[in-house]
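[1] Predicted structure and sequence below. I'll ask about it afterward.
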Amino acid sequence: GDSVTQMEGPVTLSEEAFLTINCTYTATGYPSLFWYVQYPGEGLQLLLKATKADDKGSNKGFEATYRKETTSFHLEKGSVQVSDSAVYFCALSEGGNEKLTFGTGTRLTIIP
Amino acid sequence: DAGVIQSPRHEVTEMGQEVTLRCKPISGHNSLFWYRQTMMRGLELLIYFNNNVPIDDSGMPEDRFSAKMPNASFSTLKIQPSEPRDSAVYFCASSLRLGAGDYEQYFGPGTRLTVT
């Protein structure tokens, strides 16, 4: 079945550092890929998405490119801020199905 | 737009009691999802509805759990009887269809359930 594997956390970085959170997936078809963010005490929020190979999703300085050849959708940001501290979830949906398969989440902490 | 609304935000109950969690999806969204989040198991999909009809309930833990969606603007998740292992944050989400195979899910703030 479908699955998403995320880089183990927690990840701690200094402010203005470069961020990469790795995400790889297994799917039988051509999934849509998502990154969600969860701030403390809140629900998940859609951060960005890509629906086909080579698409790049971007939002709030974050980017991720759908790489079919490596089955990856790594999240990157050039300069992180303290306010980016949160848990980040990679997810996929397949074949037009609305059901999402989530990774285990990566907790990110940014220190001033 | 008010977003997905869940109530209550916090619930503390004793083992054996009935618990009802409520959700109002975003107007115009035709799919609704119930998730459970714990430290041990992460985020789990319990059940989802499309046009008020349950489509996939394979994640519902056992018969103590039931969910209903009587109309497009309201859903409930009921646990009867509740057990301490049901303690978790329960999220409701609704989904917007943007095009063929293109959907976005929007999550509510969650209900933190503690069963003592």
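    Noted; the coordinates are in hand. Numbering: from 1, shown residues only, chains lettered A, B, ... in the order given.

[2] per-residue pLDDT, the residue nearest the centre of chain B?
    Note on chain B: the residue nearest the mean C-alpha position is residue B:34, at 2.7 Å, using Cα atoms, centre = their mean. Residue B:34 is assigned 98 on the pLDDT scale.

[3] who's it bridged to?
    Beta bridges link residue B:34 to residue B:47, residue B:92 when assigned by DSSP bridges.

[4] Touching, residue B:35 and residue B:45? I think so.
    Yes: in this structure, residue B:35 is within contact of residue B:45 by Cβ atoms under 8 Å, at 5.6 Å. C-beta here means a position set from N, CA and C on the backbone, and glycine is covered the same way.

[5] more neighbours, these two?
    Each of residue B:35 and residue B:45 has its neighbours counted (other Cβ atoms under 10 Å in any protein chain shown); residue B:35 has more, 26 against 20.

[6] nearest residue to that one other than its sequence neighbours?
    Spatially, and ignoring its direct neighbours in sequence, residue B:35 is nearest to residue B:91 (4.4 Å; Cβ to Cβ, 6 or more residues apart in numbering or on different chains).

[7] Spit out the contact partners of residue B:36.
    B:43, B:44, B:46, B:88, B:89, B:90, B:91 (Cβ atoms under 8 Å, 6 or more residues apart in numbering or on different chains).

[8] quick one: which of the residues you listed is nearest residue A:92?
    Using Cβ to Cβ, residue B:43 comes nearest to residue A:92 of the contacts of residue B:36, at 13.5 Å.

[9] helix, strand or coil for the closest one?
    Assigned by DSSP: H, G, I helix; E, B strand; the rest coil, the conformation of residue B:43 is strand.

[10] Could you do residue A:83 as well?
    With three-state DSSP as the basis, residue A:83 sits in helix.
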